[in-house]
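Novice: no sequence on this one, just coordinates:
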């Protein structure tokens, strides 16, 4: 699969490293609006082609798939551009800013015989799959605590009077959609659609949330999600049940997991040692879906992405967080 990338940030470089680890994947092209930057990025990573014009890139015969790591608000237009030209699209999370964009982009993908994926890397790790397979060990679920809190270097720019994209309503930024989506996706993948959604944000001067607490209500238990781009947390995430508790070190990568039973005589278990770059797992899953006809796995991916977006859209509107455009 010949892959192109849009964006030159650290997340794009991580994805390019994942391409190198996955059989059947090849980096063929990169994009940057600045020609010198595009050329240098291509040379650095061994891409045969570089582009400064997205239209030209989308029409290229040199790639089958594109990875989008542009500002959130640009995802929809860029995704549709490539989908219309018959290219598969892997879109960095959050996939889109609204359900309306989600439905339209998937309509375009289906009409052109290609597929659209959200790069929610934590859902494809072996340790997430372990938690999913062994979830019944905790017994009746009673309390779930998920955390994704990481101080952003871009916050210093905001404090200095600038407005970086990740903290801008114009570019569909904020803590919930940038970091909160990781634990929300885990909740949806494990527990399904919640009965109720309530979000309490800490608002910033730019009109988006710097941090917040999201409560998802399920039958018999609640899932509390803390997300922040203006503070750090060193807390583990936990799935607590009447029979035991699963602990997760990093909800964004599932680097370490452990199950501890409530009873002293019960058996504990731990997770596996994973690849350092967990983006390789998602890429392998996406390539499998691209090469399949009818794919239950792809339909499940779509359903999870849609519900995550529905939750964030509900939470934002409750809190008066509206994206421009």
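Specialist: Sure, I can see it. These numbers were taken from a predicted model, which means no experiment stands behind them.

Novice: buried set for stretch 268-280?
Specialist: By neighbour count on 16 or more other CB atoms under 10 Å, the buried set for stretch 268-280 is 271, 274, 277-280. Using the backbone N, CA and C atoms, a C-beta is placed for each residue, glycine as well.

Novice: Show me the two of the residues you listed that sit farthest apart.
Specialist: 271 and 279 (17.8 Å; CB to CB).

Novice: What ranges does this structure have for its helices?
Specialist: 10-21, 35-45, 54-59, 75-84, 99-111, 126-134, 153-159, 175, 181-191, 279-291, 296-319 (DSSP state H).

Novice: Among these, which comes closest to residue 141?
Specialist: With CB to CB, the closest approach to residue 141 among those belongs to helix 181-191: 7.5 Å.

Novice: Helix 126-134 and the closest one, what's the angle between them?
Specialist: 30 degrees (axes from the mean of the first three to the mean of the last three CA atoms, to 10 degrees).

Novice: what does helix 181-191 contact?
Specialist: Outside of helix 181-191, the residues within contact range by CB atoms under 8 Å, 6 or more residues apart in numbering are 93-94, 120, 122-123, 128, 131-132, 135, 141, 144, 146-148, 194, 214, 216, 218, 223, 225, 227, 237, 239, 251-252, 304-305, 307-308, 311-312.

Novice: Kindly recompute the last result at 6 Å.
Specialist: Residues from elsewhere that reach helix 181-191, judged by CB atoms under 6 Å, 6 or more residues apart in numbering: 93-94, 120, 122-123, 146, 148, 216, 218, 223, 225, 251-252, 304, 307-308, 311.

Novice: go on, stretch 27-42?
Specialist: 2-6, 8, 16, 19, 47-52, 57, 62-63.

Novice: filter the residues you listed to the buried ones?
Specialist: Buried members of those, counted by 16+ other CB under 10 Å: 2-6, 8, 16, 19, 47, 49-51, 57, 63.

Novice: Could you give the separation between the terminal residues of stretch 175-189?
Specialist: With CA to CA, to the nearest Å as the measure, the ends of stretch 175-189 fall 20 Å from one another.

Novice: for the record, mean pLDDT for it?
Specialist: For stretch 175-189, the mean per-residue pLDDT is 98.

Novice: swap in stretch 142-154?
Specialist: 97.

Novice: What residues sit buried inside it?
Specialist: 144-150, 152, 154.

Novice: now residue 233, nearest residue through space, not along the chain?
Specialist: Nearest residue to residue 233, sequence neighbours excluded (CB to CB, 6 or more residues apart in numbering): residue 149, at 3.7 Å.

Novice: who's in contact with the one you found?
Specialist: 226, 228, 231, 233.

Novice: Also residue 279?
Specialist: 14-15, 18, 121.

Novice: circling back: which one of the buried residues of stretch 268-280 is nearest residue 246?
Specialist: Relative to residue 246, the closest of those is residue 271; by CB to CB it sits at 9.7 Å.

Novice: how about that closest one, phi and psi?
Specialist: Torsion angles at residue 271 (phi, psi; degrees, to the nearest 10) stand at phi -90, psi -180.

Novice: what sits against it?
Specialist: With CB under 6 Å, 6+ apart, residue 271 has these contacts: 127, 130, 257.

Novice: how many neighbours does the first one have?
Specialist: If I follow you right, that is residue 127. 23 (other CB atoms under 10 Å).

Novice: For PyMOL, write a command that selects the buried ones of the contacts of residue 149.
Specialist: In PyMOL syntax, the buried subset of the contacts of residue 149 is picked out as below (16+ other CB under 10 Å):
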select buried, resi 226+228
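
Novice: picking up where we left off before, give me the ChimeraX select line for the contacts of helix 181-191, limited to the buried ones.
Specialist: Restricted to buried positions by 16+ other CB under 10 Å, the ChimeraX selection for these reads:
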select :93,94,120,122,123,146,148,216,218,223,225,251,252,304,307,308,311
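
Novice: Keep only those of the contacts of helix 181-191 that are in strands.
Specialist: Members of the contacts of helix 181-191 lying in strands (criterion: DSSP state E): 146, 148, 216, 218, 223, 225.

Novice: State the pair within those residues that is farthest apart.
Specialist: Pairwise distances across the ones in strands among the contacts of helix 181-191 peak at 19.1 Å for 148 and 218 (criterion: CB to CB).

Novice: residues contacting the residue nearest to residue 141 when sequence neighbours are not counted?
Specialist: Of all residues not flanking residue 141 in the chain, residue 221 sits nearest, at 4.4 Å (CB to CB, 6+ apart). Taking CB under 6 Å, 6+ apart, we find residue 221 in contact with 141-143.
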